[in-house]
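**Student:** Return a 3D structure for these sequence lines:
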Amino acid sequence: MLAERKFFLSHPAYRHIADRMGTPHLQKVLNQQLTNHIRDTLPNFRNKLQGQLLSIEHEVEAFKNFKPEDPTRKTKALLQMVQQFAVDFEKRIEGSGDQVDTLELSGGAKINRIFHERFPFEIVKHRRTLN
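**Tutor:** Numbering: from 1, shown residues only. Have a look, this model is predicted:
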């Protein structure tokens, strides 16, 4: 660091800005940027965590009096799973789910392609075999 300081103080191009050059200045600038970033992002991060905590607390409250042997619980759980399956299935068909494949067609896009491209070809082919 002494050699670095000596270089910047003695070099004609850097002499006038030697106090803003070198490792100590870089450490100071990067530390300030990190501090600013943490200060700017911490409130949103804290709010997000508090929201998640509140959501989990609501879930815990819902299961407070949970009795696994209660048949109505099993029915409700099954109904919720079926409803979630229906939502996931609809999203897959629409191509709007969280697992959208960007390399090949899937869901509604694939059905659309088959219906508009492959289906007419197969109809014509089938007609030829009948004649």
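**Student:** Which helix runs longest in the chain?
**Tutor:** Ordering each helix of the chain by length in residues (DSSP state H) puts helix 23-62 first.
**Student:** Can you name the next helix or strand after that helix?
**Tutor:** Counting by DSSP states H and E, the element after helix 23-62 in chain order, helix or strand, is helix 71-94.
**Student:** related to what we said a few turns ago, any idea how far the longest helix of the chain is from the middle of the chain?
**Tutor:** Distance of helix 23-62 from the chain centroid (CA atoms, centre = their mean, to the nearest Å) equals 17 Å.
**Student:** Per the annotation, how does this structure divide into domains?
**Tutor:** With domains defined by the TED database, the chain comprises 1-64, 69-130.
**Student:** Take the ones you listed and write them to CSV, including mean pLDDT and mean neighbour count.
**Tutor:** (C-beta placed from N, C-alpha, C; glycine too.) CSV is the format used below for these (pLDDT from 0 to 100; neighbours: other CB atoms under 10 Å):
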stretch, mean pLDDT, mean neighbour count
domain 1-64, 90, 10
domain 69-130, 77, 11
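**Student:** Tell me the helices and strands packed up against the longest helix of the chain.
**Tutor:** Of the remaining helices and strands, none touches helix 23-62 by 3 or more CB pairs under 8 Å, 6 or more residues apart in numbering; DSSP states H and E.
**Student:** how about 10 Å then?
**Tutor:** helix 2-10 (3 or more CB pairs under 10 Å, 6 or more residues apart in numbering; DSSP states H and E).
**Student:** Perfect, I'm done here.
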